[in-house]
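Asks: Curious how this folds, go ahead:
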Amino acid sequence: MKTSGATTGVELVSVHGGHSGQFCEHARDSLEDIILAYIRKGFSWVGITEHMPPVEDRWRYKDEQEAGLSARFLYDRFADYVNQCRRLQENYKSSLRIFVGMETETYPGAMDYVRELQATFPLDYIVGSVHHVDGVNFDGSAEDYAAAVSATGGIIPFYSRYFDTQFEMIKNLKPDAVGHFDLVRIFDPDYEKHLSVPDIRSRIRRNLELVAELGLILDINVRALVKGAREPYPTRWILEEAGALGIAAVPGDDSHGLDTVGLHIEAAIGILMELGFDTRWQAPADSSD
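Replies: Prediction:
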């Protein structure tokens with residue numbers, strides 16, 4: 001068993017990792033080089049979770065628009081990603097267990113498209129993520145975030161719509177893992193106050209109860225630390241609630257290049273150990289159907 005140096009006996013894994021510059025405009029480096037980095041760092045298993053292609057051109061990320069990439073091109077590139085990842089999965093199976101995955105979107109039409117993609121491509125699992133509220137992408141920049149907040153009528157309605165959107169995504173897609181649960185806080189310096197508003201807390205509890213009922217994995221996403229946050233996603237009290245509900249929490253590095261492969265994973269492991277979570281990590285193939 002491959003283990004973390006600072007937390008001897010605990011396997012190094014990432015349930016949400018491996019974005020590459022080969023298949024993602026806001027990442028760097030080749031997919032094979034990223035997989036080799038996971039092997040060098042002693043990971044036991046990793047999920048590769050490239051973004052799903054957009055339903056149509058208007059749902060492209062800004063960097064994809066700026067690069068002049070069409071939805072059709074991105075679909076074909078996604079097909080190439082799945083093929084390449086399957087090849088690497090086979091080539092490196094003696095050194096690393098690789099899960100070929102996809103990170104979802106939540107704008108209008110996305111959930112139906114996820115089902116189409118699942119029917120078309122042989123994916124091992126999906127990570128259910130929310131990057132849009134009412135069709136507005138909010139996590140690209142502070143300006144995008146402010147626009148999304150304004151479009152929903154203020155910060156509390158924005159938080160409410162985020163967790164309602166997440167609930168619908170979890171209920172309808174039943175993703176193997178729920179990605180960066182409280183990403184809604186990404187550009188909010190007062191997130192602790194806003195997450196604690198009673199109406200928001202009740203939505204969070206409702207969503208966690210559904211995660212527990214379905215036996216899904218909660219991604220403990222350390223990319224927040226890469227971007228200078230004080231703690232991973234989700235915040236500590238949400239993690240405590242998840243633990244009380246018996247939810248399986250698993251670290252995810254959400255790496256976007258060689259420089260972030262495995263970065264801060266040990267911090268996540270330390271938090272989970274402190275809170276009493278089971279560190280015999282649930283892998284995507286072990287989650288409920």
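
Asks: alpha carbons only for contacts and neighbour counts from here, please
Replies: Will do.

Asks: State the distance from the residue nearest the centre of the chain to residue 80.
Replies: Centroid check for the chain by Cα atoms, centre = their mean gives residue 179 as the closest residue, at 3.2 Å. Relative to residue 80, residue 179 is positioned 23 Å away (Cα to Cα, to the nearest Å).

Asks: Could you pull up the residues touching residue 231?
Replies: Residues in contact with residue 231, defined by Cα atoms under 8 Å, 6 or more residues apart in numbering, are 222, 224, 225.

Asks: Give me the pLDDT for it.
Replies: For residue 231, the pLDDT comes out at 98.

Asks: Assign a three-state SS to it, would you?
Replies: For residue 231, the assignment made with DSSP: H, G, I helix; E, B strand; the rest coil gives coil.

Asks: From residue 210, how far out is it?
Replies: Plainly put, residue 231 is 24 Å away from residue 210 if you go by Cα to Cα.

Asks: Could you find the closest non-adjacent residue to residue 275?
Replies: Spatial nearest neighbour of residue 275, chain neighbours left out: residue 240 (7.0 Å); criterion: Cα to Cα, 6 or more residues apart in numbering.

Asks: does that neighbour belong to a helix or a strand, and which?
Replies: Take DSSP states H and E as the rule and residue 240 turns out to sit in helix 236-244.

Asks: what's the offset of that helix from the middle of its chain?
Replies: Distance, stretch centre to chain centre, for helix 236-244: 18 Å (Cα atoms, centre = their mean, to the nearest Å).

Asks: Could you tell me the phi and psi values at residue 154?
Replies: With angles defined as degrees, to the nearest 10, residue 154 sits at phi 140, psi 170.

Asks: pLDDT score for it?
Replies: In this model, residue 154 is scored at 98, pLDDT.

Asks: What's the local residue count around it?
Replies: 13 (other Cα atoms under 10 Å).

Asks: can you check residue 219 too?
Replies: As a measure of burial, residue 219 has 27 neighbours, counting by other Cα under 10 Å.

Asks: what's the answer for residue 243, then?
Replies: Residue 243 has 19 neighbouring residues, counting by other Cα under 10 Å.

Asks: for the one 10 residues further on, same thing?
Replies: Neighbour count for residue 253, taken as other Cα under 10 Å: 28.

Asks: Fine, thanks again, bye for now.
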